[in-house]
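Visitor: pasting the sequence and the predicted model now:
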Amino acid sequence: MLTLYIINTCDTCRKARNVLEEKGIPFKTHDLRKDGLSAGLLEHILERVPLLEALNKRSKTWRDLPQEEKDSLDATSARRLVLEQPTLLKRPLLEVDDDTILVGYRNGDYDSLSG
């Protein structure tokens, strides 16, 4: 079964969820705020998605970080920040199989998926 990692208040996450429901594709959701983001889950995601691709540098959370923290970001500090503030992950994240997680959602992204 597919897993859709979301932040419940995210409009793009809602669009992705609606598309999956309309296509009749079974999936479960994991709200990164409500259900949490453990170090193990973050590593699971980052084994499938490159860290720089997973970081949401357009988010308010990113913009609110001190500039020196952004400038000195490395893999270790990025993981720490994401664990502290899960909204730093791009979303939605759709885990389609053991090896693949799709990042973000735009119209048509899920067209190849079937229920």
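Guide: Arrived safely.

Visitor: name the element the residue lying farthest from the centre of the chain belongs to?
Guide: Note on the chain: the largest C-alpha distance from the chain mean falls to Glu68, namely 24.6 Å (C-alpha atoms, centre = their mean). Using DSSP states H and E, Glu68 maps to helix 67-71.

Visitor: kindly export that helix (C-alpha atoms) in PDB.
Guide: Below are the C-alpha coordinates for helix 67-71, written out as PDB (Å, rounded to 0.1, in the frame of the first residue of the first chain):
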ATOM      1  CA  GLN A  67      21.100  33.100   7.800                       C
ATOM      2  CA  GLU A  68      24.200  31.800   9.600                       C
ATOM      3  CA  GLU A  69      22.400  28.500  10.200                       C
ATOM      4  CA  LYS A  70      21.400  28.200   6.500                       C
ATOM      5  CA  ASP A  71      24.900  29.100   5.400                       C
END
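
Visitor: quick one: mean pLDDT over that helix.
Guide: If you average the pLDDT over helix 67-71, you get 93.

Visitor: give the other helices and strands that that helix contacts.
Guide: Of the remaining helices and strands, none touches helix 67-71 by 3 or more C-beta pairs under 8 Å, 6 or more residues apart in numbering; DSSP states H and E. (Glycine included, C-beta is placed from N, CA and C.)

Visitor: and the average pLDDT for the helix or strand just after it is what?
Guide: Next helix or strand after helix 67-71 toward the C-terminus (DSSP H and E): helix 75-84. When pLDDT is averaged along helix 75-84, the result is 94.

Visitor: now do the strands in this structure.
Guide: Under the criterion DSSP state E, the chain contains strands at 2-6, 27-31, 93-95, 101-103.

Visitor: for the first one, buried residues please.
Guide: Think strand 2-6. 2, 4-6 (16 or more other C-beta atoms under 10 Å).

Visitor: could the residues you listed be laid out in JSON lines, adding pLDDT and distance to Cys13?
Guide: Shown next, in JSON lines, are the buried residues of strand 2-6 (pLDDT from 0 to 100; distance: C-beta to C-beta, whole Å):
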{"residue": "Leu2", "pLDDT": "97", "distance to Cys13": "14"}
{"residue": "Leu4", "pLDDT": "98", "distance to Cys13": "8"}
{"residue": "Tyr5", "pLDDT": "98", "distance to Cys13": "9"}
{"residue": "Ile6", "pLDDT": "97", "distance to Cys13": "4"}
